[in-house]
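> Could you look at this predicted model? Sequence included:
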Amino acid sequence: MRQLSELDASFLYLESETSPMHIGGVYLFDGSHRDTPLAFSTFVAHLRSRLHVVPVFRQRLKEVPLRLGRPYWIDDPHFSLERHLAYVNLSHGGTSKDLISLASRILEEPLRRDRPLWHITFVDGFGIDGAGEEDTSDQGRSAFALIVKLHHAAIDAFSGEEILGKLLEYTPEPRPIIPARPWRPHPEPSRERVALQAGANLMRTPLQVTSLAFNAVEATARGLVHRQLRKLPLPFPLFSAPTSPLNQQITANRRIVAASVDLARLKAIKASLGDVTLNDVVLGLCAETLRRYLTSEGADMDRSLVAMTPVSVRSNSLRLATGNRMSAMLLDLATTEPDPARRIRRIHRNAVVSEPYREAIAADRLTERLPSTLLALSARLYTELQIAQRYQPVFNLPITNVPGPQVPLYLQGARLVRQYNTSPLFDTMGLVIVAVSYQGELTLNFTLCPDVIRNSERLPAYVEASLEQIEQDAQALQSEPDDEPEPDTTTSLSDDVLTFLEGGLQRLLRRSKR
């Protein structure tokens, strides 16, 4: 048995009818260089031979009685590969748009909890050329696609890319499909063993709850100080994201919109602007695209949007292919800055200033001391009491940048030409952006609820227009030194007061712990 971390379990508790918590992907392959189109049966045989490299594919959840602890991953003694696969043929003139529409409908459906939490739909009968563009010729009909769903409790966006690399190949020559390795699942643990394990975990819970209580007292006291200081005429920095059309109650409907740009153009912008990172440029492109979209929708842009940017904390010395190893930081996207090139420099400075907060808001630290029952209850109350709708959101949207391989990947001689990646939406978050680079190209993937994000078909045009504007402004800004002063995070009187009171409170709590 392998117990889920609190972060992994939180994705189970957050799941609802309108918020399935799985990560998705649509992978388009060009099979024109194969002698024959890749048959679904060949794909099944290939996948069966590679199951041993992704153990979670044959593991399901084992709940703890009365939810006295987090669920466990156990081997599924009744595992059947066919239960996780489906086949669709888009004959009669199927197009890539039909494929994306099909994927949107498939991704709306939650994964079943009584089996391993993944599913793949094999789709053929449509045409793309070697660059991933529309192709109606007979040669183009050798294309196929995989629509993949993996639950967020099992993987994060970074480990998802690792799993893809294990299932695919790096050479165009098809690897011989060998018989699947024998697999003997471990016996399913009895209810008694699970109960004993839960009891052992509960023995440690009082210490965890005590520590949590002290942290809660400290946080509550700081919150009281915050509220009192807000009443004073001080230059208090507000750490709340603005309300925006992005943050409304979502429905179960989903739509995938994507736009691809040449990675070399982004690198040229980085070189022009000097001391910024490629990730800053990607975030700047997202910020300008959002600004154009929200302006066209008549939204108020007087306050800057705030993004939550996941950061992988996956250790290089302990490479776990599954599970969530993420931290995160809240980042001001500087959308009040009219010049998109200057905005990238400001995003870079904001990210540097936010660095000390990564540990404070690390997702695993936020959840590691919460008992599962409390975490499940809080997640449910967050949605059912519509807390995010009654108050300003903590952030407006998540933006994840996942570096992908820059060399081509293959599946039995068929080359991966394009991929679209999706991320789950949750309460009052109608849009998520996942940026994935592959083979010299960056794709901005917009997962959205069409009942919240209207006119989403305009987004690709906004991406291209935004990139062109950033290129122009970056050239004009290239000769200007970046002499804007660094943000001063210590001059605010309210921050000084908070720091003083917080230090005193921490000393008091340390004494009480003794």
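Here it is on my side, so go on. Numbering: from 1, shown residues only.

> Contacts for the helix or strand where Arg345 lies next, please.
Assigning secondary structure by DSSP states H and E places Arg345 in helix 340-354. Helix 340-354 is contacted from outside by 269, 272-273, 275-277, 280-281, 283-284, 287-288, 291, 329-335, 337, 466, 469-470, 473-474, 476-477, 482, 484, 486-487, 489, using C-beta atoms under 8 Å, 6 or more residues apart in numbering. Bear in mind the C-beta positions are built from the backbone N, C-alpha and C, glycine included.

> Only whichever of those are buried, select them in PyMOL.
Burial among these is assessed by 16 or more other C-beta atoms under 10 Å; the matching PyMOL selection reads:
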select buried, resi 269+272+273+276+280+281+283+284+287+288+291+329+330+331+332+333+334+335+337+466+469+470+473+474+477
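
> Just the contacts of helix 340-354: which are in helices?
Those of these mapping onto helices are 269, 272-273, 280-281, 283-284, 287-288, 291, 466, 469-470, 473-474, 476-477, per DSSP state H.

> What residues sit buried inside the helix holding Arg345?
Using 16+ other C-beta under 10 Å as the test for burial, helix 340-354 gives Pro340, Ala341, Arg342, Arg343, Ile344, Arg345, Arg346, Ile347, His348, Arg349, Asn350, Ala351.

> How about stretch 9-26?
In stretch 9-26, the ones that count as buried by 16+ other C-beta under 10 Å are 9-16, 18-26.

> Filter the residues you listed down to just the ones in helices.
Applying DSSP H to these, the entries found in helices are Ala9, Ser10, Phe11, Leu12, Tyr13.

> Let's see the pLDDT reported for the nearest residue to the third one once chain neighbours are set aside.
Nearest-residue entry for Phe11: His152, 4.1 Å, with adjacent residues in sequence omitted and distances by C-beta to C-beta, 6 or more residues apart in numbering. Predicted confidence (pLDDT) at His152: the value is 88.

> Number of residues surrounding His152?
23 (other C-beta atoms under 10 Å).

> got the contact list for it?
Phe11, Met21, His22, Ile23, Asn324, Pro424.

> Chain neighbours aside, what residue packs nearest to the last one?
Excluding the flanking residues, the one nearest Pro424 by C-beta to C-beta, 6+ apart is Met21, at 4.6 Å.

> Tell me how far that neighbour lies from His151.
Met21 sits 6 Å away from His151, going by C-beta to C-beta, to the nearest Å.

> ditto for Trp118
7 Å.

> circling back: how close does the residue nearest to Phe11 sit to Thr422?
Per C-beta to C-beta, His152 is found 11 Å from Thr422.

> His33 touches Pro172, doesn't it?
Yes. Between His33 and Pro172 there is a contact under C-beta atoms under 8 Å: 6.7 Å.

> joint contacts of those two?
Contacts common to His33 and Pro172, judged by C-beta under 8 Å, 6+ apart, are Gly413, Arg415.

> how many neighbours does the closest residue to Ile106 other than its chain neighbours have?
Of all residues not flanking Ile106 in the chain, Ile147 sits nearest, at 5.4 Å (C-beta to C-beta, 6+ apart). Using other C-beta under 10 Å, Ile147 has 25 other residues around it.

> Same question for Asp262.
By other C-beta under 10 Å, the residues close to Asp262 number 12.

> Contacts only, for it.
Gly440, Glu441, Leu442.

> about what we covered before: among the contacts of His152, which one lies nearest to Pro245?
Ranked by distance to Pro245 (C-beta to C-beta), the contacts of His152 are led by Pro424 at 19.8 Å.

> tell me the SS of the closest one?
For Pro424, the secondary structure call by DSSP: H, G, I helix; E, B strand; the rest coil comes out as coil.

> Just to check, it is in contact with Leu12?
No. With contact defined as C-beta under 8 Å, Pro424 does not count as touching Leu12 (11.8 Å).

> what sits in contact with each of the two?
Met21.

> picking up where we left off before, list residues touching both of Met21 and His151?
Contact criterion C-beta under 8 Å, 6+ apart; residues shared by Met21 and His151: Phe11.

> in the stretch 251-400 of the chain, which segments are predicted with low confidence?
Applying pLDDT under 70 to the stretch 251-400 of the chain flags the ranges 311-328, 354-392.

> Strands along the stretch 301-450 of the chain, start to end?
Under the criterion DSSP state E, counting those that start in this stretch, strands of the stretch 301-450 of the chain are mapped to 306-312, 326-332, 397-402, 410-411, 414-422, 431-438, 441-448.

> how about the ones you listed in JSON lines, adding distance to Ser190?
Shown next, in JSON lines, are the strands of the stretch 301-450 of the chain (distance: least, C-beta to C-beta, whole Å):
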{"stretch": "strand 306-312", "distance to Ser190": "37"}
{"stretch": "strand 326-332", "distance to Ser190": "34"}
{"stretch": "strand 397-402", "distance to Ser190": "40"}
{"stretch": "strand 410-411", "distance to Ser190": "40"}
{"stretch": "strand 414-422", "distance to Ser190": "38"}
{"stretch": "strand 431-438", "distance to Ser190": "40"}
{"stretch": "strand 441-448", "distance to Ser190": "40"}
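
> do you know which of the ones you listed lies nearest Ala461?
Per C-beta to C-beta, nearest to Ala461 of the strands of the stretch 301-450 of the chain: strand 441-448, 12.4 Å.

> ok, and for that closest one, which residues are buried?
Quick answer for strand 441-448 (16+ other C-beta under 10 Å): Glu441, Leu442, Thr443, Leu444, Asn445, Phe446, Thr447, Leu448.

> Could you spell out the sheet neighbours of that strand, each with its direction?
strand 255-262 (antiparallel), strand 431-438 (antiparallel) (DSSP bridges).

> ok and that strand relative to strand 414-422, angle-wise?
Strand 441-448 runs at 40 degrees relative to strand 414-422, counting by axes from the mean of the first three to the mean of the last three C-alpha atoms, to 10 degrees.

> Render the CA-only coordinates of strand 441-448 in PDB, please.
Provided in PDB are the C-alpha atoms of strand 441-448 (Å, rounded to 0.1, in the frame of the first residue of the first chain):
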ATOM      1  CA  GLU A 441       7.300  25.500 -30.700                       C
ATOM      2  CA  LEU A 442       5.400  26.700 -27.700                       C
ATOM      3  CA  THR A 443       1.700  26.000 -27.500                       C
ATOM      4  CA  LEU A 444      -0.600  28.000 -25.200                       C
ATOM      5  CA  ASN A 445      -3.400  25.700 -24.200                       C
ATOM      6  CA  PHE A 446      -6.500  27.400 -22.800                       C
ATOM      7  CA  THR A 447      -8.800  25.100 -20.800                       C
ATOM      8  CA  LEU A 448     -12.000  27.000 -20.200                       C
END
